[in-house]
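S.K.: Quick one, fold the following:
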Amino acid sequence: MKQSLSRAEDTVDRVSLWRDKEVKVTSLSGGLTNENYLVEAGGQRYVIRIPGASTELLAIDRANELHNTRAAASTGIGPAVLEHIPELDVMVLEFIPGPTMSAQTLQSERMVRRMAESFTRLHGAPRFLKNFDMFRLIEEYLRIVEEHDVRIPADYRERLPQLGDIERAVRVGALPSVSCHNDLLCENFIDDGHGLRIVDYELSGNNDPCFDLGNTAQEAGFDDGLRAVLCEAYFGRLDPQQLARMNLFALMSDIGWTLWGAIQAKISTLDFDFTDYYTARWNRALTVIESDRFEGWLREARREDP
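M.R.: Got it, this is the predicted structure:
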């Protein structure tokens, strides 16, 4: 931590916003890829984001992240980019006051409806720089796994034909792509007292909105009831086909982030058990794939009769 804080202090010296001001730097918890710090200077609070090591192996494009963060900020849903240091890929961001959300704080119909409002704002942002497709990202991650001798679950490749089944099913009712976050951990929502703001756009890109809905439902551990509420609140009605697509994308987030976690276990310098992380995600995905619900979602997404 001392080494990381020293790195943050060195970065702080490069920022013009608080030049000649007394600065206090505090580490912020929660990030699994980057280092985030709270900076207090001149009576104001800021957040600086410093990229983690070798994050290009996670298919993270920092130019895409910067563009998309600014686009999201234009709607008021994301934090403003106050300064950018291109040679360090460091962003100085607006500090959003308010509690950071968790799976526990989001477990209510009221909060789910507030999340749907946030998605509507996010998905109405100016178009993001690049597209995001979890099926293609998995192909890229598997290439990285091979090149860097990354250990993944032994039966992962055996399930690749079923990923093809999922892709064909979700394409049937595909929606026009919009500006999506694509990695909505509960902690990426901050309640500013007016709405749920959304932070951290490093994996953002234009995508089917149902991916965002399904991914966040998975991260928050929503049961069938809350997933239905999220679908109804976002679309204005409970659409069985789109709900099935949400559920399949929720499954895909576990399948895809399994590889993300495996790569992180190989490259990350953070004090976090990524092996346990990706193993838990893969086991959860297998439980769903081997259940009757999975076949039901495929049929409903394809709009087939039972």
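S.K.: dump the residue contacts of the closest residue to residue 268 other than its chain neighbours.
M.R.: Spatially, and ignoring its direct neighbours in sequence, residue 268 is nearest to residue 274 (6.1 Å; C-beta to C-beta, 6 or more residues apart in numbering). All C-beta spots, glycine's among them, are computed from the backbone N, C-alpha and C. By C-beta atoms under 8 Å, 6 or more residues apart in numbering, the contact list for residue 274 reads 261, 262, 264, 265, 268.
S.K.: Roughly how far does the second one sit from residue 274?
M.R.: Distance of residue 262 to residue 274, computed by C-beta to C-beta, to the nearest Å: 7 Å.
S.K.: what's the answer for residue 197, then?
M.R.: From residue 197 to residue 274 the distance is 27 Å (C-beta to C-beta).
S.K.: Then residue 202?
M.R.: Residue 202 is 17 Å from residue 274, by C-beta to C-beta.
S.K.: got it, and residue 246?
M.R.: 27 Å.
S.K.: Could you do residue 219 as well?
M.R.: Relative to residue 274, and taking C-beta to C-beta, residue 219 is found at 16 Å.
S.K.: In the stretch 51-200 of the chain, where is pLDDT below threshold?
M.R.: Across the stretch 51-200 of the chain, the stretches falling below the confidence threshold (pLDDT under 70) are 52-59.
S.K.: hmm, try it at 90
M.R.: Applying pLDDT under 90 to the stretch 51-200 of the chain flags the ranges 51-62, 86-89.
S.K.: For it, which segments count as strands?
M.R.: Per DSSP state E, counting those that start in this stretch, the stretch 51-200 of the chain carries strands over the ranges 81-85, 90-94, 178-180, 189-191, 196-198.
S.K.: Looking at these, spot the one closest to residue 134.
M.R.: strand 178-180 (10.7 Å; C-beta to C-beta).
S.K.: Tell me which other helices or strands the closest one touches.
M.R.: helix 62-73, helix 109-123, strand 205-207, helix 209-219 (3 or more C-beta pairs under 8 Å, 6 or more residues apart in numbering; DSSP states H and E).
S.K.: So which bits of that strand are buried?
M.R.: 178, 179, 180 (16 or more other C-beta atoms under 10 Å).
S.K.: if we can go back for a sec, state the pair within the contacts of residue 274 that is farthest apart.
M.R.: 262 and 268 (10.9 Å).
S.K.: if you count what's nearby, which of those two comes out ahead?
M.R.: residue 262 (24 against 18; other C-beta atoms under 10 Å).
S.K.: Tell me which residues touch that one, please.
M.R.: 145, 150, 151, 152, 153, 274, 275, 278.
S.K.: nearest to residue 91, of those?
M.R.: Residue 91 lies nearest to residue 274 out of the contacts of residue 262, by C-beta to C-beta, at 24.0 Å.
S.K.: what's the pLDDT at that closest one?
M.R.: As predicted, residue 274 sits at a pLDDT of 94.
S.K.: Same question for residue 1.
M.R.: Each residue has a pLDDT score; the one for residue 1 is 41.
S.K.: swap in residue 29?
M.R.: Turning to residue 29, the model gives it a pLDDT of 66.
S.K.: That's all I had, so thanks and see you.
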